[in-house]
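Visitor: Starting from these lines, generate the structure:
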Amino acid sequence: MEPALMRLIICIAACSIAAVLGSLLTTPSLRPWYANLKKPVWTPPSWLFGPAWTVLFITMAISAWLVWRRVELTTVPMLLFLIQLLLNILWSGLFFALRSPGLALLEIVLLWWAILAVAISSWKVFPPAGWLLLPYLAWVTFAAALNFSIWRLNA
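Guide: Residues are numbered from 1 along each chain as shown. Have a look, this model is predicted:
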């Protein structure tokens, strides 16, 4: 198999694993815990989260692949990518599995900075790879505001 194709498959697999782990940590708490939380009126409908995250994980995988085609796996952009992927999973664990919006709020700030660092370092390697991460950064910015509001409304 061609190395570029193998790297694409690995990037898709890594993002898919992160998505599945996040979902496994999230799903058991959706009902009744999350459903019964006080939420701001601007909370998106529940059905929107799955499609939004699917698109974001696809763009993350493509971005990582575009970078990995140009640098080694052990370089800063790739290591930052893996760190932000782990932080992404951790947020689901803190917010949903541990049912701790306060801890999740602290962690999502780290996630946001990690995504920004990945976007900048990826852009330096191949600008389109960095641009592909901007919707993810925007979504996590929104998610942080939602996380904050849920924390405040339920404290």
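Visitor: how about the top helix by length along the chain: buried residues?
Guide: In the chain, taking DSSP state H as the definition, the longest helix is helix 3-29. Within helix 3-29, the residues that count as buried by 16 or more other CB atoms under 10 Å are 7-8, 11-12, 14-15, 18-19, 21-22, 25-26, 29. Where you see a C-beta, it was placed from the backbone N, CA and C, and this is true even at glycine.
Visitor: mind listing what's buried in whichever strand or helix holds residue 89?
Guide: Residue 89 belongs to helix 76-92 when elements are defined using DSSP states H and E. Along helix 76-92, these residues count as buried under the neighbour rule (16+ other CB under 10 Å): 77-78, 80-81, 83-85, 87-92.
Visitor: Could you do stretch 105-118 as well?
Guide: Quick answer for stretch 105-118 (16+ other CB under 10 Å): 105, 107-108, 111-112, 114-118.
Visitor: quick check: mean pLDDT across it?
Guide: For stretch 105-118, mean pLDDT rounds to 98.
Visitor: Which residues does that stretch contact?
Guide: Stretch 105-118 is contacted from outside by 77, 80-81, 83-84, 87-88, 90-91, 94, 133, 136-137, 140-141, 143-144, 147-148, 151, using CB atoms under 8 Å, 6 or more residues apart in numbering.
Visitor: that older thread, now the buried residues of stretch 105-118 in CSV, please, with extra columns for distance to residue 61.
Guide: Converted to CSV, the buried residues of stretch 105-118 look like this (distance: CB to CB, whole Å):
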residue, distance to residue 61
105, 27
107, 22
108, 21
111, 17
112, 20
114, 17
115, 14
116, 19
117, 18
118, 13
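Visitor: mind listing which of these are in helices?
Guide: If you go by DSSP H, the buried residues of stretch 105-118 have 105, 107-108, 111-112, 114-118 in helices.
Visitor: picking up where we left off before, the longest helix of the chain: how far from the chain's middle?
Guide: Relative to its chain's centre, helix 3-29 lies at 11 Å (CA atoms, centre = their mean, to the nearest Å).
Visitor: Tell me the helices and strands packed up against the helix holding residue 89.
Guide: Helix 76-92 is packed against helix 3-29, helix 46-68, helix 101-125, with contacts defined by 3 or more CB pairs under 8 Å, 6 or more residues apart in numbering; DSSP states H and E.
Visitor: what would the ones you listed look like in TSV with distance to residue 39?
Guide: Listed next are the helices and strands packed on helix 76-92 as TSV, based on distance: least, CB to CB, whole Å:
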stretch	distance to residue 39
helix 3-29	14
helix 46-68	10
helix 101-125	11
